[in-house]
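Chemist: Okay, sequence plus prediction incoming.
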Amino acid sequence: MDIFILSRSISTYLSDDICVLNLEGTEDSDIYFTGDIVQQSSSLAPEIINAERERFSDKKYKHIESLDRLTYRLYKNCKRLENTKSNGKDYLPILRNELKKFRKLQRNWMLTL
């Protein structure tokens, strides 16, 4: 939940800076990554719940793989947003550190399944 709250706050802060049109009248393509981090972080909790509820190991591992992909994409999108021209990019390392902690917890959790 902390990752979701943090990503939503960062996304809101970044989107205010990035939503301004460029000199050519085009929008900054990085604005889409702000929505991606919110969507991906909101999908983490349901995947964890689905993996724990699943009885069959094949389906359980599909949810675990999906969780791995979500955390990987979330981490990569944070790195992409750090290259934006916004003051909010200073908060992205905080989110990345939380993701690193989550990955460690995720590895231990996977061993218990």
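Modeler: Arrived safely.

Chemist: Can you tell me the SS state at the residue nearest the centre of the chain?
Modeler: By Cα atoms, centre = their mean, the chain has its centre lying nearest to residue 74, at 3.2 Å. Counting by DSSP: H, G, I helix; E, B strand; the rest coil, the backbone at residue 74 sits in helix.

Chemist: buried set for stretch 4-14?
Modeler: By neighbour count on 16 or more other Cβ atoms under 10 Å, the buried set for stretch 4-14 is 4, 6-7, 10-11, 13-14. All C-beta atoms are positioned from the backbone trio N, CA, C, and that covers glycine.

Chemist: Any chance of the residues you listed in a markdown table with distance to residue 46, pLDDT and secondary structure as columns?
Modeler: What follows is the buried residues of stretch 4-14, written out as a markdown table (distance: Cβ to Cβ, whole Å; pLDDT from 0 to 100; DSSP: H, G, I helix; E, B strand; the rest coil):
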| residue | distance to residue 46 | pLDDT | secondary structure |
| --- | --- | --- | --- |
| 4 | 11 | 86 | helix |
| 6 | 18 | 87 | helix |
| 7 | 15 | 88 | helix |
| 10 | 21 | 84 | helix |
| 11 | 19 | 84 | helix |
| 13 | 25 | 82 | helix |
| 14 | 24 | 80 | helix |
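
Chemist: need these in a markdown table with distance to residue 103, can you?
Modeler: Formatted as a markdown table, those follow (distance: Cβ to Cβ, whole Å):
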| residue | distance to residue 103 |
| --- | --- |
| 4 | 16 |
| 6 | 15 |
| 7 | 15 |
| 10 | 18 |
| 11 | 21 |
| 13 | 24 |
| 14 | 23 |
